[in-house]
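Asker: Got a predicted structure here, sequence first:
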Amino acid sequence: MLDRIGDRSAEIAVIGLGYIGLPTAIMFANAGFRVTGYEIRRNVVESINSGKAHIVEPEIDDLLKKAIENGTLRATSNPNDIKGKDVYIICVQTPLREDKTPNLEFLRSAIETVAKVMKKGSLVIIESTVPPLTTVRMAELIEELRGFRAGEDFYMVHAPERVMPGRIFKELVYNSRIFGGITPESAELAEKLYRSFVRGQTFKTSSTVSEVVKLMENTFRDVNIALANEFALLAHQYGIDVFEAIELANTHPRVKIHVPGIGVGGHCLPKDPHLLVWPAERDFGLIKLAREINDSMPLLTRELLFNALGEVNVPPNDAVVTILGLAYKGNSDDTRNSPAFALIDAIKDDVAEVRTYDPFVGGTHQNLEDALNGADAVVIATDHTAFKSLNWEDLGKLMRTRILVDGRHVVEKPPRGFVFRGVGRGEY
């Protein structure tokens, strides 16, 4: 297998062609491997094979077109097309259920598909973020389904993705990578494979350590964002601007406070702390409390909105509210777990109308001016670059009542003529 990886003759199947799977498939294809992407959504398969990506990401269309034209990448919905491959890379979602426990049905289905078509000697890599001990259990599932012996008849690795939307292709190359094998040989094969395009540091460890590391990284960020959000709540108590306070506090050489806001979204941070503690035998208060704080921030934004409506004597049930931004992150079309939707759910039964506009996603209105025409309040829920240069004095002329609530610290100085509120902007 090492020789086939070295001369690029190893054939790769990528299972799941979403925000991680498609860029990963493109990188291996443009590194010289023959890659087959397996995706159950037929419209996605058709789009990819025509050279058009179904997700928004810098460089993706050009890189995809190159791989398609070179004949090194094709997509399929037929599992027979991925039979007998040397490498299987699984990039499927691992969402939470309503009770915040992990739903591993997509992963299990992917493993069952791979088990049916893999050959002896195949390398199976899970890039999906999973609870601790999952890779070992998925290896046991393959043993049960095929009778293959893990570490002898096939190799198994957890190799977590560590990229951010908007920077995926750069970070796939330059970020460090961790390869957690169920055996040292498994990790060595995966490291050799990814070295075909990875320029960052690489580390080999066990699969369970790798799983925990990925979850620790995002739990660390989630807990620190929760602390910043607590500071924002205190700023409203003390009548100060939390962003000024954070900027000054961060001048200390050993302090780096995160940025507060309307909430935490994306496919990782709202989920990974739950995955980390789910298999554990005891309760962990800090991690769960941080999740509760971050989940509560859309409700603070609701409170700021209704406070502003009360100041100008607009009854909520008469108010037309426009939400600017549906993506969880600026300059992205990714809406997974976006706090904008939590805010909409929190206000929709109490106001006359909720409008939405997002230049990357769409919304109820495809035009900003139409979305603001006759509105009483606007809430900025995403920090798209386009929102940072809006002329609010002109846009305010379209509105019935001029209320602006900033959930992402997009507006540095409140525009004239507006009732202004902002998360962490306690001076207003």
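Answerer: Looks like it arrived, so ask away.

Asker: which residues are contacting stretch 148-157?
Answerer: Around stretch 148-157, the neighbours that count as contacts under C-beta atoms under 8 Å, 6 or more residues apart in numbering are 1, 118, 120-126, 135, 138-140, 142-143, 179-183, 185-187, 189-190, 207. All C-beta spots, glycine's among them, are computed from the backbone N, C-alpha and C.

Asker: Tell me the buried residues within the residues you listed.
Answerer: Under a neighbour-count criterion of 16 or more other C-beta atoms under 10 Å, the subset of the contacts of stretch 148-157 counted as buried comprises 1, 118, 122-126, 135, 138-139, 142-143, 179-183, 186-187, 189-190, 207.

Asker: In strands, which of the contacts of stretch 148-157 appear?
Answerer: For the contacts of stretch 148-157, the ones inside strands are Leu123, Val124, Ile125, Ile126, Phe179, Gly180, Gly181, with DSSP state E as the criterion.

Asker: from the residues you listed, which single one is nearest Ala342?
Answerer: If you rank the ones in strands among the contacts of stretch 148-157 by distance to Ala342 using C-beta to C-beta, Ile126 comes first, at 29.5 Å.

Asker: mind listing what the closest one touches?
Answerer: Residues touching Ile126, when contacts are defined by C-beta under 8 Å, 6+ apart, comprise Ile90, Leu107, Thr134, Thr135, Met138, Met156, Val157, His158, Ala159.

Asker: any idea how this protein splits into domains?
Answerer: Domain assignment for the chain by automatic domain parsing gives 2-200, 295-422.

Asker: Give the rounded mean pLDDT of the shortest one.
Answerer: Here the mean pLDDT over domain 295-422 is 97, rounded to a whole number.

Asker: Stretch 236-247 now?
Answerer: The predicted model assigns stretch 236-247 a mean pLDDT of 97.

Asker: got the residue ranges for the helices in the stretch 251-400 of the chain?
Answerer: For the stretch 251-400 of the chain, applying DSSP state H, counting those that start in this stretch gives helices covering 272-277, 285-311, 339-347, 368-372, 392-396.

Asker: All the strands of this protein, residue numbers only.
Answerer: Read by DSSP E, the chain holds these strands, from start to end of the chain: 11-15, 34-38, 73-76, 87-90, 123-126, 155-158, 177-181, 202-206, 320-324, 353-357, 377-380, 403-406, 419-422.

Asker: Tell me which stretches of the stretch 101-250 of the chain form helices.
Answerer: Secondary structure of the stretch 101-250 of the chain, counting by DSSP H, counting those that start in this stretch: helices at 105-117, 134-146, 168-174, 184-194, 207-238, 242-249.

Asker: do you know which of the ones you listed lies nearest Asp7?
Answerer: Using C-beta to C-beta as the criterion, the shortest distance between Asp7 and the helices of the stretch 101-250 of the chain is 11.6 Å, found for helix 184-194.

Asker: Return the list of helices and strands in contact with that closest one.
Answerer: Helices and strands touching helix 184-194, as assessed by 3 or more C-beta pairs under 8 Å, 6 or more residues apart in numbering; DSSP states H and E, comprise helix 2-6, strand 123-126, strand 155-158, strand 177-181, strand 202-206.

Asker: chain center to it: distance?
Answerer: Centre-to-centre, helix 184-194 and its host chain are 26 Å apart (C-alpha atoms, centre = their mean, to the nearest Å).

Asker: How about stretch 221-239?
Answerer: For stretch 221-239, the distance from its own C-alpha centre to the chain's C-alpha centre is 22 Å (C-alpha atoms, centre = their mean).

Asker: which residues touch that stretch?
Answerer: Judged by C-beta under 8 Å, 6+ apart, the contacts made with stretch 221-239 from elsewhere in the structure are 241-242, 245-246, 257-261, 264, 269-270, 272-273, 286-287, 289-291, 293-294, 297, 300, 423-427.

Asker: what about 6 Å?
Answerer: 242, 257-258, 260, 264, 269, 273, 290, 293-294, 297, 423-424, 426-427 (C-beta atoms under 6 Å, 6 or more residues apart in numbering).

Asker: repeat for stretch 93-108
Answerer: Stretch 93-108 is contacted from outside by Val92, Ser128, Thr129, Val130, Pro131, Lys271, His274, Leu275, Trp278, using C-beta under 6 Å, 6+ apart.

Asker: In contact with the residue lying farthest from the centre of the chain: list those residues for me.
Answerer: With distances taken from the mean C-alpha point of the chain and given as C-alpha atoms, centre = their mean, the most distant residue is Asn313, at 39.0 Å. Applying C-beta under 6 Å, 6+ apart, we find Asn313 in contact with no residue.

Asker: Could you shift the numbering so residue one becomes 40, and keep it that way?
Answerer: New numbering, starting at 40: the last item is Asn352.

Asker: hang on, the earlier thing: can you redo the helices of the stretch 140-289 of the chain as a markdown table with distance to Tyr58?
Answerer: Conversion of those to a markdown table gives the following (distance: least, C-beta to C-beta, whole Å):
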| stretch | distance to Tyr58 |
| --- | --- |
| helix 144-156 | 14 |
| helix 173-185 | 20 |
| helix 207-213 | 8 |
| helix 223-233 | 18 |
| helix 246-277 | 15 |
| helix 281-288 | 30 |
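
Asker: Looking at the ones you listed, which is nearest to Ile44?
Answerer: The closest approach between Ile44 and any of the helices of the stretch 140-289 of the chain, judged by C-beta to C-beta, belongs to helix 223-233 at 5.0 Å.

Asker: ok and the closest one relative to helix 246-277, angle-wise?
Answerer: Angle between the axes of helix 223-233 and helix 246-277 is 70 degrees (criterion: axes from the mean of the first three to the mean of the last three C-alpha atoms, to 10 degrees).

Asker: For helix 223-233, what does the pLDDT average out to?
Answerer: 98.

Asker: Need the contact partners of that helix.
Answerer: In contact with helix 223-233 (C-beta under 6 Å, 6+ apart) are residues 40-41, 44, 162, 164, 194-196, 198, 216, 218, 220, 241, 243.

Asker: Which two among the residues you listed are spaced furthest apart?
Answerer: Farthest apart among these - using C-beta to C-beta - are Met40 and Arg216, which lie 18.6 Å from each other.

Asker: returning to that earlier point: name the stretch among the helices of the stretch 290-439 of the chain that sits most buried.
Answerer: Between the helices of the stretch 290-439 of the chain, helix 311-316 has the highest mean count of neighbours, a mean of 23, where neighbours are mean count of other C-beta atoms under 10 Å.

Asker: what about Pro398, neighbour count?
Answerer: Residue neighbour count, defined by other C-beta atoms under 10 Å, stands at 19 for Pro398.
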